[in-house]
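[1] sequence and predicted structure are below.
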Amino acid sequence: KGVQHNALLFFVPPRFIQMPTSVVALREGQSTTFECQVVGTPEIHITWYLDGNEVTDQAKYSISFVDGLATLKVTQARVSDSGIYVCEAHNDLILDMYLKSQSPICVANCLFYTLYTSEPARIIEKAKSLKVTERDPVTLECTVAGTPELRIRWYKDGKQLLPSRYYTMSFENNVASFRIEPVSKEDSGTYSFKVENDFGSSTCEAVLTVLGLYCHLANFEVSLECEISGTPPFDVTWYKDRRQIRSSKKYKVTAKNYHTSVRILNVEAADVGEYQCKAQNDVGSDTCFCTVKLKEPPKFLTKINSMTVVVGEPVELQARVEGSQPISVQWLKDKEEVIRESENTKITFMENIATLQLVRTETSNAGKYICQIRNDAGSRECMATLTILGW
(Lines give C-alpha, C1' and ligand atoms only; values in the text may rest on other atoms or scores of the structure.)
Protein backbone atom coordinates (compact mmCIF):
# COMPACT_ATOMS: atom_id res chain seq x y z
CA LYS A 1 0.00 0.00 0.00
CA GLY A 2 1.11 3.47 -0.71
CA VAL A 3 2.09 5.67 2.22
CA GLN A 4 0.73 9.18 2.30
CA HIS A 5 3.04 11.80 3.77
CA ASN A 6 1.70 15.16 4.95
CA ALA A 7 3.99 18.19 5.43
CA LEU A 8 3.23 20.57 8.29
CA LEU A 9 4.36 24.09 7.50
CA PHE A 10 4.62 26.80 10.13
CA PHE A 11 4.15 30.33 8.86
CA VAL A 12 5.28 33.10 11.20
CA PRO A 13 3.97 36.58 10.34
CA PRO A 14 6.59 39.33 10.54
CA ARG A 15 6.95 40.96 13.94
CA PHE A 16 9.06 43.91 15.07
CA ILE A 17 11.20 43.17 18.06
CA GLN A 18 13.08 46.47 18.00
CA MET A 19 11.36 49.78 17.32
CA PRO A 20 13.02 52.95 16.00
CA THR A 21 13.46 56.06 18.13
CA SER A 22 10.05 57.67 18.49
CA VAL A 23 11.18 61.28 18.08
CA VAL A 24 14.32 62.62 16.42
CA ALA A 25 15.26 66.31 16.35
CA LEU A 26 17.89 67.47 13.87
CA ARG A 27 19.44 70.66 12.61
CA GLU A 28 19.33 71.19 8.86
CA GLY A 29 22.20 69.40 7.15
CA GLN A 30 22.53 66.67 9.77
CA SER A 31 21.83 62.97 9.11
CA THR A 32 20.06 60.23 11.05
CA THR A 33 19.28 56.53 10.76
CA PHE A 34 16.11 54.62 11.68
CA GLU A 35 16.42 50.91 12.49
CA CYS A 36 13.77 48.23 12.94
CA GLN A 37 14.56 44.58 13.89
CA VAL A 38 12.12 42.19 12.23
CA VAL A 39 11.54 38.44 12.70
CA GLY A 40 9.23 36.15 10.74
CA THR A 41 9.07 33.60 7.96
CA PRO A 42 11.21 34.59 4.95
CA GLU A 43 11.07 36.14 2.55
CA ILE A 44 10.26 39.42 4.30
CA HIS A 45 9.88 42.61 2.29
CA ILE A 46 10.41 46.09 3.77
CA THR A 47 8.82 49.34 2.62
CA TRP A 48 9.34 52.78 4.16
CA TYR A 49 6.83 55.63 3.98
CA LEU A 50 6.99 59.36 4.79
CA ASP A 51 3.60 60.85 5.62
CA GLY A 52 1.91 58.05 3.67
CA ASN A 53 4.13 58.29 0.57
CA GLU A 54 6.62 55.54 -0.24
CA VAL A 55 10.25 56.55 0.20
CA THR A 56 12.04 56.01 -3.13
CA ASP A 57 14.56 58.87 -3.49
CA GLN A 58 17.86 56.96 -3.49
CA ALA A 59 19.89 60.19 -3.57
CA LYS A 60 18.30 61.39 -0.33
CA TYR A 61 17.62 58.08 1.45
CA SER A 62 19.62 54.88 1.88
CA ILE A 63 17.48 51.76 2.50
CA SER A 64 18.73 48.29 3.45
CA PHE A 65 17.46 45.04 5.01
CA VAL A 66 20.15 42.64 6.22
CA ASP A 67 19.79 39.79 8.75
CA GLY A 68 16.40 41.03 9.89
CA LEU A 69 17.57 44.63 10.42
CA ALA A 70 15.61 47.18 8.38
CA THR A 71 17.51 50.47 8.02
CA LEU A 72 16.57 53.88 6.61
CA LYS A 73 19.26 56.56 6.55
CA VAL A 74 18.27 60.18 5.96
CA THR A 75 21.24 62.24 4.72
CA GLN A 76 21.58 66.03 5.02
CA ALA A 77 18.12 66.54 6.40
CA ARG A 78 16.02 69.48 5.25
CA VAL A 79 12.69 70.91 6.37
CA SER A 80 10.94 68.89 3.66
CA ASP A 81 12.17 65.70 5.36
CA SER A 82 10.12 66.39 8.48
CA GLY A 83 7.17 64.12 9.13
CA ILE A 84 6.06 60.66 10.28
CA TYR A 85 8.13 57.74 9.00
CA VAL A 86 6.46 54.30 8.76
CA CYS A 87 8.24 50.96 8.29
CA GLU A 88 6.03 48.20 6.86
CA ALA A 89 7.12 44.53 6.83
CA HIS A 90 5.27 41.69 5.01
CA ASN A 91 5.95 38.09 3.89
CA ASP A 92 5.70 36.56 0.44
CA LEU A 93 2.18 35.74 -0.57
CA ILE A 94 2.42 32.07 0.24
CA LEU A 95 -0.55 31.94 2.54
CA ASP A 96 -4.02 33.21 2.27
CA MET A 97 -5.00 36.82 2.69
CA TYR A 98 -5.88 36.27 6.30
CA LEU A 99 -2.33 35.58 7.30
CA LYS A 100 -1.10 38.41 5.15
CA SER A 101 -3.44 40.73 6.96
CA GLN A 102 -1.56 40.02 10.18
CA SER A 103 1.55 41.87 9.00
CA PRO A 104 2.36 44.48 11.63
CA ILE A 105 3.38 48.09 11.00
CA CYS A 106 6.10 49.95 12.90
CA VAL A 107 5.85 53.74 13.15
CA ALA A 108 8.70 56.18 13.78
CA ASN A 109 7.95 59.87 14.39
CA CYS A 110 10.76 62.00 13.00
CA LEU A 111 10.17 65.67 13.82
CA PHE A 112 13.09 67.63 12.45
CA TYR A 113 12.26 70.94 14.07
CA THR A 114 10.78 73.38 11.57
CA LEU A 115 8.01 71.73 11.11
CA TYR A 116 10.41 71.67 13.50
CA THR A 117 13.89 71.89 12.02
CA SER A 118 16.47 73.46 14.32
CA GLU A 119 17.10 76.39 12.02
CA PRO A 120 18.77 79.48 13.52
CA ALA A 121 16.84 82.72 13.24
CA ARG A 122 17.87 84.71 10.17
CA ILE A 123 16.76 87.75 8.20
CA ILE A 124 15.74 87.06 4.60
CA GLU A 125 14.84 90.64 3.67
CA LYS A 126 16.27 93.54 5.68
CA ALA A 127 14.51 96.77 6.60
CA LYS A 128 15.26 99.58 4.16
CA SER A 129 16.47 103.07 5.06
CA LEU A 130 13.73 105.60 4.33
CA LYS A 131 13.18 109.32 3.93
CA VAL A 132 9.66 110.45 4.80
CA THR A 133 7.78 113.69 5.28
CA GLU A 134 6.88 114.90 8.72
CA ARG A 135 3.36 113.92 9.86
CA ASP A 136 3.17 110.99 7.39
CA PRO A 137 2.99 107.35 8.57
CA VAL A 138 5.98 105.09 7.95
CA THR A 139 6.48 101.32 8.21
CA LEU A 140 9.74 99.38 8.53
CA GLU A 141 9.55 95.70 7.59
CA CYS A 142 11.81 92.64 7.86
CA THR A 143 11.16 89.15 6.50
CA VAL A 144 12.63 86.40 8.65
CA ALA A 145 12.96 82.62 8.87
CA GLY A 146 13.93 80.08 11.51
CA THR A 147 12.62 77.56 13.98
CA PRO A 148 9.77 78.83 16.14
CA GLU A 149 9.50 80.44 18.56
CA LEU A 150 10.95 83.56 16.92
CA ARG A 151 11.40 86.56 19.22
CA ILE A 152 11.25 90.01 17.65
CA ARG A 153 12.66 93.30 18.99
CA TRP A 154 12.95 96.83 17.58
CA TYR A 155 15.39 99.49 18.80
CA LYS A 156 16.03 103.17 18.12
CA ASP A 157 19.53 104.47 18.68
CA GLY A 158 20.19 101.42 20.90
CA LYS A 159 17.06 101.76 23.06
CA GLN A 160 14.36 99.08 22.84
CA LEU A 161 10.99 100.28 21.53
CA LEU A 162 7.63 99.16 22.89
CA PRO A 163 4.09 99.51 21.49
CA SER A 164 2.56 102.89 22.30
CA ARG A 165 0.12 105.47 21.03
CA TYR A 166 2.39 106.20 18.05
CA TYR A 167 4.18 102.83 17.64
CA THR A 168 2.49 99.70 16.26
CA MET A 169 4.32 96.37 16.00
CA SER A 170 3.17 93.16 14.31
CA PHE A 171 4.57 89.79 13.25
CA GLU A 172 2.57 87.81 10.71
CA ASN A 173 3.59 85.30 8.03
CA ASN A 174 7.24 85.73 9.00
CA VAL A 175 7.08 89.48 8.30
CA ALA A 176 7.92 91.78 11.23
CA SER A 177 6.51 95.31 10.91
CA PHE A 178 7.11 98.49 12.88
CA ARG A 179 4.81 101.44 12.13
CA ILE A 180 5.04 105.05 13.31
CA GLU A 181 2.01 107.27 12.80
CA PRO A 182 2.42 110.17 12.51
CA VAL A 183 6.18 110.70 12.29
CA SER A 184 7.93 113.76 13.66
CA LYS A 185 11.47 115.14 13.42
CA GLU A 186 12.27 113.38 16.72
CA ASP A 187 11.67 110.02 15.00
CA SER A 188 14.75 110.49 12.79
CA GLY A 189 17.54 108.09 13.73
CA THR A 190 18.97 104.59 13.35
CA TYR A 191 16.49 101.75 13.89
CA SER A 192 17.73 98.26 14.68
CA PHE A 193 15.84 95.00 14.25
CA LYS A 194 16.72 91.76 16.02
CA VAL A 195 15.21 88.30 15.56
CA GLU A 196 16.28 85.37 17.70
CA ASN A 197 15.33 81.84 18.68
CA ASP A 198 16.94 79.11 20.75
CA PHE A 199 19.44 78.38 17.96
CA GLY A 200 20.72 81.79 16.94
CA SER A 201 19.98 85.45 16.19
CA SER A 202 20.31 88.01 13.41
CA THR A 203 20.19 91.82 13.28
CA CYS A 204 19.95 94.61 10.74
CA GLU A 205 19.75 98.40 10.75
CA ALA A 206 17.89 101.08 8.81
CA VAL A 207 18.15 104.85 8.95
CA LEU A 208 14.91 106.86 9.09
CA THR A 209 15.16 110.49 7.98
CA VAL A 210 12.13 112.70 8.59
CA LEU A 211 11.97 115.59 6.15
CA GLY A 212 9.70 118.57 6.26
CA LEU A 213 9.07 121.77 8.06
CA TYR A 214 10.41 122.58 11.44
CA CYS A 215 10.85 125.79 13.31
CA HIS A 216 12.82 127.16 16.18
CA LEU A 217 12.81 130.46 18.02
CA ALA A 218 16.15 132.25 18.40
CA ASN A 219 16.86 135.96 18.84
CA PHE A 220 13.26 136.75 17.95
CA GLU A 221 13.50 135.06 14.57
CA VAL A 222 11.79 131.94 13.31
CA SER A 223 13.32 129.77 10.60
CA LEU A 224 11.13 127.35 8.66
CA GLU A 225 13.07 124.87 6.55
CA CYS A 226 12.09 122.19 4.06
CA GLU A 227 14.05 119.42 2.30
CA ILE A 228 12.82 118.50 -1.18
CA SER A 229 13.23 115.26 -3.11
CA GLY A 230 12.58 114.70 -6.82
CA THR A 231 14.01 115.81 -10.15
CA PRO A 232 15.17 119.44 -10.27
CA PRO A 233 14.63 122.22 -11.15
CA PHE A 234 11.99 123.06 -8.54
CA ASP A 235 9.60 125.97 -8.40
CA VAL A 236 9.13 126.77 -4.69
CA THR A 237 6.44 129.02 -3.23
CA TRP A 238 5.79 129.94 0.42
CA TYR A 239 2.43 130.95 1.90
CA LYS A 240 1.15 132.22 5.25
CA ASP A 241 -2.52 131.58 5.91
CA ARG A 242 -2.86 130.83 2.16
CA ARG A 243 -1.37 134.16 1.06
CA GLN A 244 1.92 134.06 -0.81
CA ILE A 245 4.95 135.57 0.93
CA ARG A 246 8.14 136.86 -0.70
CA SER A 247 11.46 138.20 0.52
CA SER A 248 10.96 141.56 2.22
CA LYS A 249 11.82 143.39 5.42
CA LYS A 250 9.66 140.80 7.19
CA TYR A 251 10.63 137.59 5.38
CA LYS A 252 13.81 136.16 3.93
CA VAL A 253 12.96 133.43 1.39
CA THR A 254 15.68 131.16 -0.04
CA ALA A 255 15.67 128.11 -2.31
CA LYS A 256 18.86 126.31 -3.30
CA ASN A 257 19.17 122.78 -4.72
CA TYR A 258 17.06 120.52 -2.48
CA HIS A 259 16.71 122.97 0.40
CA THR A 260 14.35 125.89 0.89
CA SER A 261 13.61 128.11 3.88
CA VAL A 262 11.85 131.21 5.05
CA ARG A 263 13.08 133.36 7.95
CA ILE A 264 10.54 135.42 9.83
CA LEU A 265 12.28 138.54 11.16
CA ASN A 266 11.29 140.39 14.33
CA VAL A 267 8.68 137.85 15.37
CA GLU A 268 5.46 139.26 16.79
CA ALA A 269 1.96 138.07 17.56
CA ALA A 270 0.81 138.73 13.98
CA ASP A 271 3.26 136.10 12.71
CA VAL A 272 1.35 133.30 14.39
CA GLY A 273 -0.46 131.13 11.83
CA GLU A 274 -0.17 128.32 9.30
CA TYR A 275 2.75 128.37 6.86
CA GLN A 276 2.76 126.38 3.65
CA CYS A 277 5.59 125.36 1.32
CA LYS A 278 4.71 124.21 -2.20
CA ALA A 279 7.35 122.62 -4.44
CA GLN A 280 6.71 121.57 -8.03
CA ASN A 281 8.57 120.43 -11.12
CA ASP A 282 7.56 119.33 -14.61
CA VAL A 283 5.95 116.09 -13.42
CA GLY A 284 4.17 116.97 -10.18
CA SER A 285 3.99 118.93 -6.95
CA ASP A 286 3.89 118.45 -3.20
CA THR A 287 2.96 120.63 -0.23
CA CYS A 288 3.75 120.59 3.46
CA PHE A 289 2.51 122.70 6.36
CA CYS A 290 3.74 124.09 9.64
CA THR A 291 1.94 126.02 12.36
CA VAL A 292 3.84 128.77 14.14
CA LYS A 293 2.79 129.44 17.70
CA LEU A 294 4.26 131.77 20.26
CA LYS A 295 4.91 129.78 23.40
CA GLU A 296 3.78 131.52 26.57
CA PRO A 297 5.83 130.65 29.67
CA PRO A 298 3.78 129.31 32.58
CA LYS A 299 2.86 131.64 35.40
CA PHE A 300 0.88 131.54 38.63
CA LEU A 301 -2.46 133.29 38.77
CA THR A 302 -2.82 132.26 42.42
CA LYS A 303 -0.01 130.77 44.49
CA ILE A 304 -0.11 128.17 47.26
CA ASN A 305 -0.62 129.64 50.75
CA SER A 306 1.17 128.83 54.00
CA MET A 307 -1.07 126.99 56.46
CA THR A 308 -1.18 125.84 60.10
CA VAL A 309 -3.24 122.77 61.02
CA VAL A 310 -3.64 120.31 63.88
CA VAL A 311 -2.11 116.90 63.40
CA GLY A 312 -4.63 114.48 61.86
CA GLU A 313 -6.50 117.17 59.93
CA PRO A 314 -6.53 117.16 56.11
CA VAL A 315 -4.61 119.77 54.11
CA GLU A 316 -5.01 121.02 50.57
CA LEU A 317 -2.41 123.20 48.83
CA GLN A 318 -3.69 124.66 45.59
CA ALA A 319 -2.40 126.94 42.81
CA ARG A 320 -4.00 128.24 39.61
CA VAL A 321 -1.71 128.59 36.56
CA GLU A 322 -1.77 129.60 32.90
CA GLY A 323 0.55 129.34 29.89
CA SER A 324 1.04 127.36 26.70
CA GLN A 325 0.18 123.69 27.02
CA PRO A 326 1.36 121.17 27.88
CA ILE A 327 2.25 122.29 31.39
CA SER A 328 3.85 119.82 33.81
CA VAL A 329 3.59 120.15 37.59
CA GLN A 330 5.95 118.84 40.25
CA TRP A 331 5.72 119.13 44.03
CA LEU A 332 8.75 119.18 46.36
CA LYS A 333 9.19 119.29 50.12
CA ASP A 334 12.07 121.19 51.71
CA LYS A 335 13.49 121.85 48.20
CA GLU A 336 14.82 118.30 47.75
CA GLU A 337 12.24 115.60 48.35
CA VAL A 338 10.02 114.97 45.31
CA ILE A 339 6.49 114.29 46.51
CA ARG A 340 4.73 111.32 44.93
CA GLU A 341 1.21 110.00 45.22
CA SER A 342 0.48 107.51 48.00
CA GLU A 343 -2.43 106.35 50.12
CA ASN A 344 -2.18 109.55 52.18
CA THR A 345 -1.06 111.90 49.38
CA LYS A 346 -3.18 112.88 46.38
CA ILE A 347 -1.85 114.98 43.47
CA THR A 348 -4.01 116.38 40.66
CA PHE A 349 -3.72 118.91 37.83
CA MET A 350 -7.05 119.64 36.19
CA GLU A 351 -8.29 122.74 34.35
CA ASN A 352 -5.03 124.54 35.15
CA ILE A 353 -5.44 123.98 38.90
CA ALA A 354 -2.57 122.16 40.63
CA THR A 355 -3.56 120.49 43.89
CA LEU A 356 -1.63 118.64 46.60
CA GLN A 357 -3.82 116.97 49.24
CA LEU A 358 -2.72 115.29 52.47
CA VAL A 359 -5.61 113.12 53.63
CA ARG A 360 -4.41 112.93 57.25
CA THR A 361 -1.52 115.10 58.40
CA GLU A 362 1.34 113.87 60.58
CA THR A 363 4.03 115.85 62.36
CA SER A 364 6.53 114.67 59.71
CA ASN A 365 4.48 116.52 57.07
CA ALA A 366 5.57 119.88 58.45
CA GLY A 367 7.98 121.84 56.23
CA LYS A 368 8.31 124.00 53.15
CA TYR A 369 6.37 122.93 50.07
CA ILE A 370 7.28 124.00 46.53
CA CYS A 371 5.02 123.87 43.47
CA GLN A 372 6.98 123.86 40.19
CA ILE A 373 5.33 124.42 36.81
CA ARG A 374 7.07 124.01 33.47
CA ASN A 375 6.49 124.05 29.70
CA ASP A 376 8.65 124.40 26.58
CA ALA A 377 8.96 128.16 27.09
CA GLY A 378 10.09 128.24 30.71
CA SER A 379 9.36 127.37 34.34
CA ARG A 380 8.14 128.98 37.56
CA GLU A 381 7.79 127.94 41.19
CA CYS A 382 6.18 129.15 44.37
CA MET A 383 6.61 128.09 48.01
CA ALA A 384 4.50 127.85 51.17
CA THR A 385 5.14 126.63 54.72
CA LEU A 386 2.99 123.97 56.38
CA THR A 387 2.98 124.02 60.19
CA ILE A 388 1.60 121.02 62.10
CA LEU A 389 0.42 121.52 65.69
CA GLY A 390 0.55 118.49 67.98
CA TRP A 391 -2.06 117.43 70.55
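    Received it, and whenever you're ready, just let me know what you need. Residues are numbered from 1 along each chain as shown.

[2] so where's the stretch 201-350 of the chain shaky on pLDDT?
    Along the stretch 201-350 of the chain, the parts satisfying pLDDT under 70 run over 212-220.

[3] what segments of it are strands?
    Secondary structure of the stretch 201-350 of the chain by DSSP state E, counting those that start in this stretch: the strands cover 217-218, 221-227, 235-240, 243-245, 251-256, 259-264, 273-281, 284-292, 299-302, 307-310, 315-322, 328-333, 337-338, 345-350.

[4] list the buried ones in the fifth one?
    This points to strand 251-256. Neighbour-count burial for strand 251-256, counted by 16 or more other C-beta atoms under 10 Å, picks out 251, 253, 255. (C-beta placed from N, C-alpha, C; glycine too.)

[5] hey, what's E316 bridged with?
    Each beta-bridge partner of E316 is listed here, defined by DSSP bridges: Q357.

[6] quick one: contacts for it?
    355-358 (C-beta atoms under 8 Å, 6 or more residues apart in numbering).

[7] again, but for K60
    Applying C-beta under 8 Å, 6+ apart, the residues contacting K60 are 74-76, 81.

[8] stretch 30-37: how far from the chain's middle?
    41 Å (C-alpha atoms, centre = their mean, to the nearest Å).

[9] what does stretch 44-53 give?
    Going by C-alpha atoms, centre = their mean, the spacing between the C-alpha centre of stretch 44-53 and its chain's C-alpha centre is 45 Å.

[10] what residues sit buried inside it?
    Of all the residues in stretch 44-53, those buried under the rule 16+ other C-beta under 10 Å are 44, 46, 48-50.

[11] keep only those of those that are in strands.
    44, 46, 48-50 (DSSP state E).

[12] among the strands of the stretch 201-350 of the chain, which comes closest to T387?
    Within the strands of the stretch 201-350 of the chain, the stretch nearest T387 is strand 307-310; the backing value is 4.2 Å (C-beta to C-beta).

[13] what's the closest one packed up against?
    With contacts defined as 3 or more C-beta pairs under 8 Å, 6 or more residues apart in numbering; DSSP states H and E, the packing partners of strand 307-310 are strand 315-322, strand 378-389.

[14] shaky segments in the stretch 1-150 of the chain?
    Filtered on pLDDT under 70, the stretch 1-150 of the chain yields the residue ranges 1-11, 19-23, 25-26, 92-118, 134-135.

[15] which residues touch A121?
    Here A121 is in contact with 144-147, 150-151, 195-197, 199-202 (criterion: C-beta under 8 Å, 6+ apart).

[16] now list the buried members of these.
    Neighbour-count burial (16+ other C-beta under 10 Å) is assigned, among the contacts of A121, to 144-147, 150, 195-197, 199, 201-202.

[17] hmm, back to that, tabulate the helices and strands packed on strand 307-310 (CSV), appending distance to E119.
    Shown next, in CSV, are the helices and strands packed on strand 307-310 (distance: least, C-beta to C-beta, whole Å):
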stretch, distance to E119
strand 315-322, 59
strand 378-389, 55
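
[18] these: which one's closest to S62?
    With C-beta to C-beta as the yardstick, what comes closest out of these is strand 378-389 (79.1 Å).

[19] which other helices and strands contact the closest one?
    On a contact count with 3+ C-beta pairs under 8 Å, 6+ apart, strand 378-389 meets strand 299-302, strand 307-310, strand 315-322, strand 367-375.

[20] hmm, 6 Å instead?
    If contacts are counted by 3 or more C-beta pairs under 6 Å, 6 or more residues apart in numbering; DSSP states H and E, strand 378-389 sits against strand 307-310, strand 367-375.

[21] buried ones in the last one?
    Within strand 367-375, the residues that qualify as buried by neighbour count (16+ other C-beta under 10 Å) are 369-375.

[22] all set now, cheers.
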